[in-house]
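Curious how this folds, go ahead:
(4 chains)
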2 protein chains.
Amino acid sequence: MKRKRTSKRKTTVTIHDVARAAGTSPSTVSRVLTGSANVSAAKREAVLEAIQAVGYAPNLLARGLKTQLTYSLGLILNDIQSPFFSAAAKGAQDCAMQRGYAILLCDTGEEPAAQKRCLEMLRAKQVDGVIFAPTTGAAMILDSFLQAGTHFVQIDRQVEGLPISSVVVNDDQASYEAVHHLIANGYRRIAILTSELSVTTHDRRLGGFKRALSEAGLALPDSFVLRGRTSSSDGYRLAHKALSYSRRPDALFVTSSRLGVGALRAIRDARLRVRDDIGIVIFDDIPAFALMHPSITAVRQPAYEIGWKAAEIIIESLESEEPPPPQQVVLPAELVIRESSVPRR
Amino acid sequence: MKRKRTSKRKTTVTIHDVARAAGTSPSTVSRVLTGSANVSAAKREAVLEAIQAVGYAPNLLARGLKTQLTYSLGLILNDIQSPFFSAAAKGAQDCAMQRGYAILLCDTGEEPAAQKRCLEMLRAKQVDGVIFAPTTGAAMILDSFLQAGTHFVQIDRQVEGLPISSVVVNDDQASYEAVHHLIANGYRRIAILTSELSVTTHDRRLGGFKRALSEAGLALPDSFVLRGRTSSSDGYRLAHKALSYSRRPDALFVTSSRLGVGALRAIRDARLRVRDDIGIVIFDDIPAFALMHPSITAVRQPAYEIGWKAAEIIIESLESEEPPPPQQVVLPAELVIRESSVPRR
DNA sequence: ATACGTTCTGAAATCGTTTTCAAAAGCCGG
DNA sequence: CCGGCTTTTGAAAACGATTTCAGAACGTAT
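Below you'll find the predicted structure:
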């Protein structure tokens, strides 16, 4: 069933209608619209009035076709429902809106196939640039787009070795500090729950974790590095396993909030108590952590700022004469100390 | 600083290039692209090959300009960061994606001015339809757009008296059941925290609340209806006030999760304990409520389904010959019973 | 071979803008 | 009142597709 043009009844009022109403030509109307060239005060006035009178609104499709500029940005996320990404989306949206750009939202659900489809659609829609959180397999798809001259900024994760700007947090250092904080508070047998996938974020968080441990001269048994998919069910599974060890850890460092939520459930189900029986710090803060009892110490990422900054970088790069070289922005993540990591005993 | 066309280096490969490579005319290429008319097997083959060879991707701007169809939908939300709206966004996105539509995201932050700007931008971008959660002042703005023939679906709230489809939940009935549940569990002095704005959602939730009370023959002192802005700080303020009454309520019914979060903090700060000292049920479930201790009874809205259904309605209406009459879809909200409303005493 | 009805095909118009180009209009001093 | 400026202006050519229209090619019946 195809759509009938007729049934839409779109009252398309064009630049020609304005011209007629103002007693001038489309060219002149366009000139006052874009504010580009000289046009006499009288005509300008007439045109402005006519625009009001006939209720004209420019057709951005037509304009974009001519100017090759659409003033819209693609935003590709893994999961808009996660607080991190929705905050990033809001940041990007606010920045874009302020500068007159629109945001085309794509949610890949972390699937490479969907990611590919999104990129293709965005290209077809002629977006000026794309902000995106890469999923596995991004590198090869991206390559062809870069040649087409599309501007990109990656957030959260990085595909390394590509000449693309990125906005991320200091995963390594923030993790180091979080684990250091646990150690300083007397925890000694610290296990880590992390992703099985080798993505930059998790790799670096694991790196910071190890650094803190070795610096404090603490051992890290292989069994204390638990890897799984970043779902809350795998968080549960991994934590359950860790807690079943005969010499179980006295604290957990968890590298994602979804893993963390599952881990907390596992702790509760094991009849253990956060704080009294086991310490925990989770990378990526979510509102629930502040409300829980006891509240959960977490590493807060400036998600809103990440989204905003990404939009800003892309817009600046679009609007500058000579596209600036790719820049790597690293924003600080902040350890929010709450009750789940109080000094031991 | 204006953008230079030259600096983009967009290698725009058009339908003409394909035609040349295939040794035919642009018309024929277009025909195989749209699959509309008859074209010989030989030519079709040649065109398909040429498309691959030159790496052609259609320019949706140009197509949209000609066909008046952009295959994109606007999505206007009050706050993408709220779990309700981000789930709705995901639902809308998934449905749209599946049917070949893109989503233009707008976040108004509940501000009428932003809402207006969003609508204007969406119109200029020639979106085929708009899914939106109206904020105050939507009625008059909308009017002009309806005349322009844009398709609309409202979600969450309703502007009444407009010939627009909507997808909402059964606010009244679900609230009735939630309050009935409190009463059945022995609570007698139930106060309500709700919005000061007269928006349909909150009005109906208040309605269901009153209905349950009067049906049970329970009194409702004026002081037990507390109204404020739907922020967590106002939730705190209102709950604090309610708890300070000499004869304080033995349960709270809260009509939004943000108010609820504030109320929970107020309860804790008053050194009262949810469940032992005071019952609470919150309209709109968020992940935190399941994780808290004690966990919070809440009314779960099918947010994802709301978004999906809204997209579906708009796409069907767009693609049908004769636009169907506006429909009002009411999805069921579900009471999720947890610990915060266990039987009294 | 001619005429006719299909099926295929390409030239050209169109969608609503912007932008180039050249002509028109205004201003100035002589 | 006229040449030589600079502003203003409108006609027309893009932008990259789709679609109308009319002609070409082809098969078949006469």
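
Which positions in the stretch 51-200 of chain A make contact with DNA strand C?
A:56-59, A:62-63, A:65-67 (C-beta under 7 Å from any atom of the strand). Bear in mind the C-beta positions are built from the backbone N, C-alpha and C, glycine included.

where does residue A:38 land in three-state SS?
coil (DSSP: H, G, I helix; E, B strand; the rest coil).

what about it, neighbour count?
6 (other C-beta atoms under 10 Å in any protein chain shown).

That one and residue A:22, how far apart?
For residue A:38, the distance to residue A:22 equals 17 Å [C-beta to C-beta, to the nearest Å].

From residue A:32, how far out is whichever residue of the stretch 1-150 of chain A sits closest to DNA strand D?
Ranked by C-beta to the nearest atom of the strand, the top residue of the stretch 1-150 of chain A for proximity to DNA strand D is residue A:38, at 2.4 Å. According to C-beta to C-beta, residue A:38 stands 11 Å off from residue A:32.

got it, and residue A:329?
39 Å.

more crowded one of these two?
Comparing residue A:329 with residue A:32 by other C-beta under 10 Å, the one with more neighbours is residue A:32, at 21 against 17.

Could you find the closest non-adjacent residue to the more buried one?
Once flanking residues are discounted, residue A:32 sits nearest to residue A:47: 4.7 Å by C-beta to C-beta, 6 or more residues apart in numbering or on different chains.

and that neighbour, what helix or strand is that in?
Secondary structure from DSSP states H and E places residue A:47 in helix A:41-54.

Kindly report the same for residue A:115.
Using DSSP H and E, residue A:115 sits within helix A:112-124.

Send me the helix or strand just after that helix as CSV with only the CA atoms.
On the C-terminal side of helix A:112-124, the closest following helix or strand by DSSP H and E is strand A:129-132. Presented in CSV, the C-alpha positions along strand A:129-132 are these (Å, rounded to 0.1, in the frame of the first residue of the first chain):
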residue,chain,number,x,y,z
GLY,A,129,28.6,14.5,10.9
VAL,A,130,28.2,11.5,13.1
ILE,A,131,28.8,11.0,16.9
PHE,A,132,29.0,7.4,17.7
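
Tell me which residues are up against strand A:129-132.
For strand A:129-132, the surrounding residues in contact (C-beta atoms under 8 Å, 6 or more residues apart in numbering or on different chains) are A:73-77, A:92, A:119, A:122, A:138, A:145, A:150-155, A:307, A:310-311, A:314-315, A:317-318.

helices or strands next to the helix holding residue A:115 in the packing?
strand A:72-77, strand A:102-107, helix A:138-147, helix B:83-98 (3 or more C-beta pairs under 8 Å, 6 or more residues apart in numbering or on different chains; DSSP states H and E).

Surely residue A:154 is in a strand?
Yes: judged by three-state DSSP, residue A:154 forms part of a strand.

Give me the nearest residue to the residue of the stretch 201-345 of chain A found nearest DNA strand D, chain neighbours excluded.
Residue of the stretch 201-345 of chain A nearest DNA strand D, by C-beta to the nearest atom of the strand: residue A:318 (17.6 Å). For residue A:318, ignoring the flanking residues on the chain, the nearest one in space by C-beta to C-beta, 6+ apart is residue A:128 at 5.3 Å.

Check residue A:216 too.
Nearest non-adjacent residue to residue A:216 (C-beta to C-beta, 6+ apart): residue A:183, at 4.9 Å.

my read: the one you found touches residue A:214, true?
No: taking contacts as C-beta atoms under 8 Å, residue A:183 lies outside contact range of residue A:214: 11.2 Å.

More neighbours: which of those two?
For residue A:183 versus residue A:214, neighbours defined as other C-beta under 10 Å are more numerous around residue A:183 (18 against 11).

got a pLDDT number for the more buried one?
Per-residue pLDDT puts residue A:183 at 98.

Tell me which residues are up against the helix holding residue A:47.
When contacts are defined by C-beta under 8 Å, 6+ apart, helix A:41-54 is touched by residues A:13, A:17-19, A:21-24, A:28-29, A:32, A:39, A:56.

Show only the entries of these found in helices.
By the criterion of DSSP state H, membership of the contacts of helix A:41-54 in helices covers A:17-19, A:21-22, A:28-29, A:32.

Of all pairs in those, which one is the farthest apart?
Spatial extent of these (C-beta to C-beta) is set by the pair A:17 and A:32 at 14.7 Å.

Distance of the residue in the stretch 201-345 of chain A that chain B sits nearest to relative to residue B:288?
Chain B sits closest to residue A:288 of the stretch 201-345 of chain A, with a gap of 3.3 Å, by C-beta to the nearest C-beta. In this structure, residue A:288 and residue B:288 are 3 Å apart, going by C-beta to C-beta.

One more: residue A:129?
Applying C-beta to C-beta, the value for residue A:129 to residue B:288 is 35 Å.

ok, now residue A:207?
As judged by C-beta to C-beta, residue A:207 and residue B:288 stand 30 Å apart.

which of those two has more neighbours?
Of the pair residue A:207 and residue B:288, residue B:288 is the one with more neighbours under other C-beta under 10 Å, namely 23 against 15.

Could you confirm that one falls within a strand?
No: counting by three-state DSSP, residue B:288 is located in no strand; its state is helix.

Show me chain A divided up by domain.
Per automatic domain parsing, the structural domains of chain A span A:10-58, A:71-168+A:303-331, A:171-301+A:335-341.

now the ones you listed as JSON lines including distance to residue B:325?
As requested, those are exported to JSON lines (distance: least, C-beta to C-beta, whole Å):
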{"stretch": "domain A:10-58", "distance to residue B:325": "19"}
{"stretch": "domain A:71-168+A:303-331", "distance to residue B:325": "29"}
{"stretch": "domain A:171-301+A:335-341", "distance to residue B:325": "41"}
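
about what we covered before: is the helix holding residue A:47 up against DNA strand D anywhere?
Yes: Helix A:41-54 reaches DNA strand D (C-beta under 7 Å from any atom of the strand) through A:42-43.

same for whichever helix or strand comes after that helix, what does it pack against?
Stepping forward along the backbone from helix A:41-54, the first helix or strand reached (DSSP H and E) is helix A:60-67. Under the contact definition 3+ C-beta pairs under 8 Å, 6+ apart, helix A:60-67 sits against helix B:60-67.

All set, thanks.
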